[in-house]
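**Student:** quick one: sequence and predicted model below, then my questions.
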Amino acid sequence: MISIDEAIDLVKSKSKPLLKEAVLPIEKSGGYLLFKDVLSPINMPPFRQSAMDGYALHLHNDLTYTLVGEVKAGDGHQPILNKGEAVRIFTGAAVPDSANAVIMQEKVIINGSELVIENQLSEHHNIRAIGEQVKKGDLALAKDTKLTPAAIGYLASLGISQVSVYKKPSIALLTTGNELMEACQSLSYGKIYESNSKMLQNALYNLKFYDLHFHKVEDDYGKTLSILQKVISQHDLVIISGGISVGDYDFVGKALQELHVEEHFYTVKQKPGKPLFFGTKNDTLIFALPGNPAASLTCFYIYVHIALQKMMNKTDVELPRVKAKATNEFTRFGDRPQFLKAIYNNDGVTILEGQSSAMLQTFALSNALVFVPEHVSKIEINDDVEVILLPN
């Protein structure tokens, strides 16, 4: 059995960036990292652009101008202004080449076709220059930039419709157990509804990993061996739910050994989630999570999350941790460090009842985990505790 810190360090060291390229439509690239630099195909803005609603002027020495027309956003015509002439113009519209300043509409007095401004303007006032944001051929976004909604909007404004990104891993989700039934079936005596695959699927979807492949295997050694051999050869990451303990019908560990999966650790000194396996074969990462749902999800957030982020070539791989005041007491029994389901807000963090590794009801209310280290046996009200913030 190894410590939590040792297990985290092993996951970090053994999880490598995929460094594979995928080309995606820009609208489907959210959350990905750019695989290569993106150069701007155009100047942005591509023409001299009005920064506001107002009037484009051909400056002269007087404060009075003659209004001779109008230019709306999207207009393609190019009125020619003589000195002392102006056109009505709107935000984003193309400023005529013969105009050299724009004045906002609030600073103008209009009398028929006559326009009077308050003060003399400097040239280029309120005009966005061609290529002010980025010039054609210049770097628009650098390799490894995360594609946020703003980044996607920016690239779309440059006329870019698809991007090269780091390919996300292909993931196999394997559930084991004769006792498991699907929710659409009538529940038989001695059976339970299978929940872990749905839970882990949505945890992955929440992190924007969608290349998932689902498999269910009975508690049979031959079938377990066969399906594991198949999914390990076909996917970048294999997540196994259940079957990793030492019961008579837990065949996952034995099958992984026969398949020559390199074991990096098995069992971690923690609660919940002690029976956790992490190994590799060739370039495939394999996690065997505990079958108890709360333990399984805890291990996913603490360990699998790190592997996923490393595979995507990210540097911030762990969930954020903050300090907060405990709003209630908690006594830890046993000698293992513990992850406690909790609710965190501006008032502090509340440790919830129902910390059993088999119970999801409390986890369903949680937005955080409180980490209780080995040397702490009791948390008092107002104690500073370490809080792990779960993804929204």
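**Tutor:** Everything's here; your move. Residues are numbered from 1 along each chain as shown.

**Student:** ok, N345 to D316 distance?
**Tutor:** The gap separating N345 from D316 is 23 Å, by Cβ to Cβ, to the nearest Å. Backbone N, C-alpha and C define where each C-beta goes, glycine included.

**Student:** who has more neighbours, those two?
**Tutor:** N345 (11 against 8; other Cβ atoms under 10 Å).

**Student:** partner residues bridging the more buried one?
**Tutor:** G348 (DSSP bridges).

**Student:** try V385
**Tutor:** A324.

**Student:** isn't it right up against A324?
**Tutor:** Yes. V385 sits in contact with A324 when judged by Cβ atoms under 8 Å, with a separation of 6.2 Å.

**Student:** overlap in contacts of these two?
**Tutor:** Common contacts of V385 and A324 (Cβ atoms under 8 Å, 6 or more residues apart in numbering): V349.

**Student:** K167 contacts A22, correct?
**Tutor:** Yes. Shown here, K167 and A22 form a contact pair, counting by Cβ under 8 Å, at 4.0 Å.

**Student:** so which of those two has more stuff around it?
**Tutor:** Higher neighbour count among K167 and A22: K167, with 19 against 15, using other Cβ under 10 Å.

**Student:** then stretch 67-87 to PDB, C-alphas only?
**Tutor:** Only the C-alpha atoms of stretch 67-87 are listed here, as PDB (Å, rounded to 0.1, in the frame of the first residue of the first chain):
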ATOM      1  CA  LEU A  67     -23.600  66.200 -43.700                       C
ATOM      2  CA  VAL A  68     -23.500  64.400 -47.100                       C
ATOM      3  CA  GLY A  69     -24.500  60.800 -46.500                       C
ATOM      4  CA  GLU A  70     -24.600  57.700 -44.300                       C
ATOM      5  CA  VAL A  71     -22.500  54.500 -43.900                       C
ATOM      6  CA  LYS A  72     -24.000  51.600 -42.000                       C
ATOM      7  CA  ALA A  73     -22.200  48.500 -40.700                       C
ATOM      8  CA  GLY A  74     -21.900  46.100 -43.700                       C
ATOM      9  CA  ASP A  75     -22.200  48.800 -46.400                       C
ATOM     10  CA  GLY A  76     -19.700  48.300 -49.200                       C
ATOM     11  CA  HIS A  77     -19.800  51.800 -50.800                       C
ATOM     12  CA  GLN A  78     -17.000  54.300 -50.400                       C
ATOM     13  CA  PRO A  79     -18.300  57.900 -50.300                       C
ATOM     14  CA  ILE A  80     -15.700  60.500 -51.100                       C
ATOM     15  CA  LEU A  81     -15.600  63.400 -48.600                       C
ATOM     16  CA  ASN A  82     -14.100  66.800 -49.300                       C
ATOM     17  CA  LYS A  83     -12.700  68.900 -46.500                       C
ATOM     18  CA  GLY A  84     -15.400  70.000 -44.100                       C
ATOM     19  CA  GLU A  85     -17.800  67.200 -45.100                       C
ATOM     20  CA  ALA A  86     -19.200  64.400 -42.900                       C
ATOM     21  CA  VAL A  87     -21.200  61.200 -43.100                       C
END
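
**Student:** and the gap between G177 and S241?
**Tutor:** Noted for G177: a distance of 8 Å to S241, by Cβ to Cβ.

**Student:** so for these two, which sits in the more crowded spot?
**Tutor:** Counted by other Cβ under 10 Å, G177 and S241 do not tie: S241 has more neighbours, with 28 against 20.

**Student:** excluding chain neighbours, what is closest to the more buried one?
**Tutor:** Using Cβ to Cβ, 6 or more residues apart in numbering and skipping residues adjacent in sequence, the residue nearest S241 is N196, 4.1 Å away.

**Student:** ok, now E318?
**Tutor:** Spatially, and ignoring its direct neighbours in sequence, E318 is nearest to I306 (5.9 Å; Cβ to Cβ, 6+ apart).

**Student:** would that neighbour count as being in a helix?
**Tutor:** Yes. Counting by DSSP: H, G, I helix; E, B strand; the rest coil, I306 is part of a helix.

**Student:** from E118, how far out is it?
**Tutor:** Applying Cβ to Cβ, the value for I306 to E118 is 60 Å.

**Student:** between these two, which has more neighbouring residues?
**Tutor:** Neighbours per residue (other Cβ under 10 Å) separate I306 from E118, with I306 holding more: 20 against 11.
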